[in-house]
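Student: sharing a model prediction with you, sequence too.
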Amino acid sequence: MVSGNDGYGPSFLEEPEFERRMAFIVDFPVDKIMLGVCRWAQAQALQQGAKFDNLEIPERSPTSTVVVDGDDELMRGMPARFLIHADHRQRLDSASLPLNYKVIASSPNCRVSVVRIVGTKHWLSQNHLEFGKYTAKQMLRNLLDV
C-alpha cells in the first residue's frame, strides 16, 4: 500500500523530483498487488492522463460511500453503503479517467472514491482505507486475500 497526504496541493506535479519519486508506482508490475491511497492514488491517475477538479467543500471526515461494483475483489463482503475516511481538497475528474480505470466505489462528493485498474492487481482510493475504525477495513482484509 502506498499512501500520501493532502499537504502538497495540486502543485506537487511540478516538483522537480516528482517524476523520479513516482516512477516506481507508475511502472509497478501489473501482476503485483498495489493499493494507492489519497494523494498517491491521484498522482498515479494524473500520470496516466486523468485530471483534477477542486471540491467546493473539502472532505475532512467519514463520508458515506456506495459500492458500484460488488463483484470486484476489493469490494467482497462490503455493505452496499459504508463509511470511509475522507481527507482531500481535490478529486479526480471521472470523465478524464483512463479507459482501463473502473470506478468500484463512489460518494456524492467524490464520484471516483475507489477504482480498479483493469488488467492489473492495482486499486486506487482517494480515501483512507487504513483508518480501520470504519467498515473500509474489510477492503484491507480483501486486499490480503487477492
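Tutor: On my side now, so go ahead.

Student: from the chain's centroid, how far away is the longest strand seen in the chain?
Tutor: Ordering each strand of the chain by length in residues (DSSP state E) puts strand 52-59 first. The chain centroid and the centroid of strand 52-59 are separated by 15 Å under Cα atoms, centre = their mean, to the nearest Å.

Student: what's in contact with it?
Tutor: For strand 52-59, contacts defined as Cβ atoms under 8 Å, 6 or more residues apart in numbering pick out 10, 42, 46, 86-93, 109-110, 127. The way it works is simple: take the backbone N, C-alpha and C, and place the C-beta from them, glycine included.

Student: what residues sit buried inside it?
Tutor: By neighbour count with 16 or more other Cβ atoms under 10 Å, strand 52-59 contains the buried residues 52, 59.

Student: specify the next element, helix or strand, located C-terminal of it.
Tutor: strand 62-67 (DSSP states H and E).

Student: and for residue 139, the neighbour number?
Tutor: Using other Cβ atoms under 10 Å, residue 139 has 26 other residues around it.

Student: quick check, it in a strand?
Tutor: No - looking at residue 139 with DSSP: H, G, I helix; E, B strand; the rest coil, it is helix, so not inside a strand.

Student: before we move on, back to that, tell me the one of the contacts of strand 52-59 nearest residue 79?
Tutor: residue 127 (15.5 Å; Cβ to Cβ).

Student: for the closest one, which non-adjacent residue is spatially closest?
Tutor: Distances taken as Cβ to Cβ, 6 or more residues apart in numbering place residue 84 nearest to residue 127, at 4.4 Å, with adjacent residues excluded.

Student: so the one you found versus residue 32, what's the distance?
Tutor: Per Cβ to Cβ, to the nearest Å, residue 84 is found 24 Å from residue 32.

Student: do the same with residue 56
Tutor: The gap separating residue 56 from residue 32 is 37 Å, by Cβ to Cβ.
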